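model this:
(one chain, ligands or ions: 2)
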Amino acid sequence: MKFSSKQFVASVKEKNSYEPEFIQAVEEFVGSLEDFLNKNPVYLENKILERLVEPERVIIFRVPWVDDKGETQINRGFRVQFNSTLGPYKGGLRFHPTVNLSVLKFLGFEQIFKNSLTGLPLGGGKGGSDFDPHDKSDAEVMRFTQSFMTELYRHIGADTDIPAGDIGVGAREIGYMFGQYKRLKNEFTGVLTGKGVLWGGSNIRSEATGYGLVYFVEQMLRHSGEEIKGKTVLVSGSGNVAQYAVEKAIQLGAKVLTMSDSEGTIYDKDGITEEKLDYIKNLKNVRRGRIKDYAEKYSAEYLEGKNPWSVKADIALPCATQNEISKADAQALVDNGIFLVGEGANMPSSLEAVDIFRSNKIIFAPGKASNAGGVAVSGLEMSQNSMRLQWTREEVDDNLQKIMKEIHAKAVEYSKDKDRIDYITGANIAGFKRVADSMIAQGLV
Ligand code: NDP
Ligand code: 2IT
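Ligands and ions are numbered 1, 2, ... in the order given. Have a look, this model is predicted:
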């Protein structure tokens, strides 16, 4: 039996023809596994891939709520419970108008292997809604999240499925959802992560994805005899992941030139300082305004309707959303001298962009390795909740650094080329192997 990734992707396409993002994630994954699977036929004999691409369960539900004008609104809610081999389903909730089953299946599929890489007992899942929190009042967000949880609560639990944040779901949304879950179940458990540090949340969870990304990039740089100090960095996005990636990069001596939102990019030639970043945190997390205001306040350049990828720099950290780096963007980055790309977002690089990075020998970290710090600290939040304890910032940060270092080491171990590390293949094989061996051990379920 010889495995052909092309044939396998064709069969996934046939079955899921309306799910382009999911097909893309599967294609990227199985393409890098071909040699490994042909050398290890036990995974083919056990039909591991065929089983992995079918979620264990998908829940889709109606979310009715009333807006501030008294008008009824209907959104669609989802939870994809993808794989529970390594632990309870674990993964974020995304609230964004582009949310659909394809997007959540791609995210859930990636989450399985990301969670595996953390070494923690976490299965993979993802959920969310096509609700757009951008133009909503706090009261509307509360009514929507309460309605969302009124259905979701029966499908999740601290030992079953533990959602967290993602795009459009931050501290405010997690707070309202936790409150409603507690009210419905009359139980205070660690059913969500990303909770406030005053009421069961872990220290460093907010920071974890962005910090973890920069810790991973540090490892890659060290491996190539470089350091982050003095490097110029492009960051996209200005949400949770972007803010803390910028914070850590600045702390380690890098110069961050850009941040963005869905309307445009700010290009600050002098570099974003900690003080300027505080302004962005307040602008985005409290006032919920647009990044354009930064350009006006600090006389920075504003690239309206553009992403950061045309700016010259050493390192690119995409931290906004999927497919935000097109083929042309990747070429522009290469032409401008970028030598390292670390994905903070999930699947921000299109397949064509990845090809361009590969053929130009760009050091490239796929999101499922480099953005795993967020879910890793979620796993640590679950441990703390089970113990009814809270660790200090230093303890959690130490653990996060160790986990990112271990993920880097695993990717290096499974990379075919030891001189120029293929982090995609390395991370995919390492993530896959733990799940696949455990699936075989647990029998055909
Ligand atoms: P936030 O909602 O906090 O921020 C998202 C940022 O990306 C905002 O600046 C937003 O701009 C921008 N953005 C969103 N959609 C688009 C779009 N279609 N085009 C351009 N810009 C866009 O989300 P997070 O920071 O939590 O998530 C960012 C990425 O990181 C996502 O891919 C997520 O899956 C991934 N991730 C998140 C983790 C976490 O712990 N939160 C963990 C691992 C990965 P605007 O405000 O204008 O919409
Ligand atoms: O994509 C991700 O890893 C997340 N959004 C975080 C998931 C989590 O459960 O913390």
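
any idea how far the residue of the stretch 201-350 of the chain found nearest ligand 1 lies from Asn346?
Closest contact between the stretch 201-350 of the chain and ligand 1, by CB to the nearest ligand atom, is at Gly239 (1.8 Å). C-beta coordinates here come from the backbone N, C-alpha and C atoms, glycine included. In this view, Gly239 and Asn346 are 13 Å apart by CB to CB, to the nearest Å.

before we move on, the earlier item: identify the residues contacting the residue of the stretch 201-350 of the chain closest to ligand 1.
167, 170, 284, 319-320 (CB atoms under 8 Å, 6 or more residues apart in numbering).

same thing with Thr209?
240-241, 244-245, 344, 371, 373-374.

got the phi/psi numbers for the closest residue to ligand 2 within the stretch 151-300 of the chain?
Proximity of the stretch 151-300 of the chain to ligand 2 (CB to the nearest ligand atom) peaks at Ala164, 3.4 Å away. Dihedral angles of Ala164 (phi, psi; degrees, to the nearest 10) stand at phi -150, psi -160.

go on, Pro133?
phi -70, psi -10.

tell me, how many neighbours does it end up with?
Number of residues near Pro133 (other CB atoms under 10 Å) recorded here: 21.

Just the pLDDT for it.
Looking at Pro133, its pLDDT is 95.

can you tell if stretch 416-427 touches ligand 2?
No. Judged by CB under 6 Å from any ligand atom, stretch 416-427 stays clear of ligand 2, getting no closer than 13.7 Å.

Alpha carbons of that stretch, as CSV, please.
Below are the C-alpha coordinates for stretch 416-427, written out as CSV (Å, rounded to 0.1, in the frame of the first residue of the first chain):
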residue,chain,number,x,y,z
LYS,A,416,14.5,15.7,7.3
ASP,A,417,17.2,18.3,6.6
LYS,A,418,19.2,19.0,9.8
ASP,A,419,21.1,22.0,8.4
ARG,A,420,18.2,24.0,7.2
ILE,A,421,15.3,22.9,9.4
ASP,A,422,12.0,22.2,7.7
TYR,A,423,9.7,23.2,10.6
ILE,A,424,6.6,22.4,8.7
THR,A,425,7.5,18.7,8.2
GLY,A,426,9.1,18.5,11.6
ALA,A,427,6.1,19.9,13.5
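
Any idea what the residue of the stretch 151-300 of the chain closest to ligand 2 is bridged to?
Gly92 (DSSP bridges).

Wait, it touches Gly190, no?
No. Using CB atoms under 8 Å, Ala164 is not in contact with Gly190, being 10.8 Å away.

quick revisit: distance of the residue of the stretch 201-350 of the chain closest to ligand 1 from Thr209?
10 Å.

again, but for Pro318
13 Å.

do Glu14 as well
Taking CB to CB, one finds Glu14 at 35 Å from Thr209.

again with Gly443
34 Å.

Equivalent analysis for Gly305, please.
Applying CB to CB to Gly305 and Thr209 gives a distance of 26 Å.

One more: Ile407?
Distance from Ile407 to Thr209, by CB to CB: 13 Å.

secondary structure element for Ser260?
Using DSSP states H and E, Ser260 sits within strand 255-261.

Quick check: next helix or strand after that strand?
Assignment by DSSP H and E places the next element after strand 255-261 at strand 264-267.

tell me what that next one is packed against?
strand 255-261, helix 292-298, strand 301-304 (3 or more CB pairs under 8 Å, 6 or more residues apart in numbering; DSSP states H and E).

In CSV, list the C-alpha atoms belonging to the following helix or strand past it.
Next helix or strand after strand 264-267 toward the C-terminus (DSSP H and E): helix 274-281. The C-alpha trace of helix 274-281 is given here as CSV (Å, rounded to 0.1, in the frame of the first residue of the first chain):
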residue,chain,number,x,y,z
GLU,A,274,6.2,50.1,25.1
GLU,A,275,4.4,53.4,25.7
LYS,A,276,3.0,53.5,22.1
LEU,A,277,2.0,49.9,22.6
ASP,A,278,0.0,50.8,25.8
TYR,A,279,-1.8,53.3,23.6
ILE,A,280,-2.7,50.5,21.1
LYS,A,281,-3.9,48.2,24.0
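
Go through helix 274-281 and flag the buried ones.
276-277, 280 (16 or more other CB atoms under 10 Å).

any idea which of those is the one closest to Lys229?
Leu277 (17.9 Å; CB to CB).

for the chain, which residue is closest to the average position?
Asn346 (4.5 Å; CA atoms, centre = their mean).

Excluding covalently adjacent residues, which one is nearest to that one?
Counting by CB to CB, 6 or more residues apart in numbering, Asn346 lies nearest to Gly367, which is 4.9 Å off, once chain neighbours are set aside.

list the contacts for the one you found?
Counting by CB under 8 Å, 6+ apart, Gly367 has contacts 110, 114, 343-348.

between the residues you listed, which has the most around it?
Gly344 (31 neighbours).

that's a strand at it, yeah?
No. Assigned with DSSP: H, G, I helix; E, B strand; the rest coil, Gly344 falls outside any strand and is coil.

now it, nearest residue through space, not along the chain?
Cys319 (3.5 Å).

If I look at that neighbour, what pLDDT would I see?
The model's pLDDT for Cys319 equals 99.

Lys418 now?
pLDDT at Lys418 comes out at 83.

Quick check: phi and psi on the residue of the stretch 201-350 of the chain found nearest ligand 2?
Proximity of the stretch 201-350 of the chain to ligand 2 (CB to the nearest ligand atom) peaks at Asn346, 5.4 Å away. The phi and psi values for Asn346, taken as degrees, to the nearest 10, are phi -90, psi 120.

what's the spacing between it and Asn282?
26 Å.

and if you look at Tyr211?
In terms of CB to CB, Tyr211 sits 20 Å off from Asn282.

more neighbours, these two?
Tyr211 (25 against 11).

Enumerate every residue touching the more buried one.
Contacts of Tyr211 by CB under 8 Å, 6+ apart are 204, 244-245, 247-248, 373, 397, 400.

For the closest residue to Asn38 other than its chain neighbours, give me the pLDDT.
Once flanking residues are discounted, Asn38 sits nearest to Phe3: 5.4 Å by CB to CB, 6+ apart. Phe3 is assigned 95 on the pLDDT scale.

can you pick the most crowded of the contacts of Tyr211?
Most surrounded of the contacts of Tyr211: other CB under 10 Å gives Ala245, at 31 neighbours.

Now that one: phi and psi?
The phi/psi pair for Ala245 (degrees, to the nearest 10) is phi -70, psi -40.

any idea how far Arg358 is from it?
23 Å.

Whether the lengthiest helix in the chain contacts ligand 2 - can you check?
The longest helix of the chain (DSSP state H) is helix 393-414. No. Contact of helix 393-414 with ligand 2 (CB under 6 Å from any ligand atom) is absent, the minimum separation being 12.3 Å.

picking up where we left off before, looking at the contacts of Gly239, which are in strands?
Using DSSP state E, no member of the contacts of Gly239 sits in strands.
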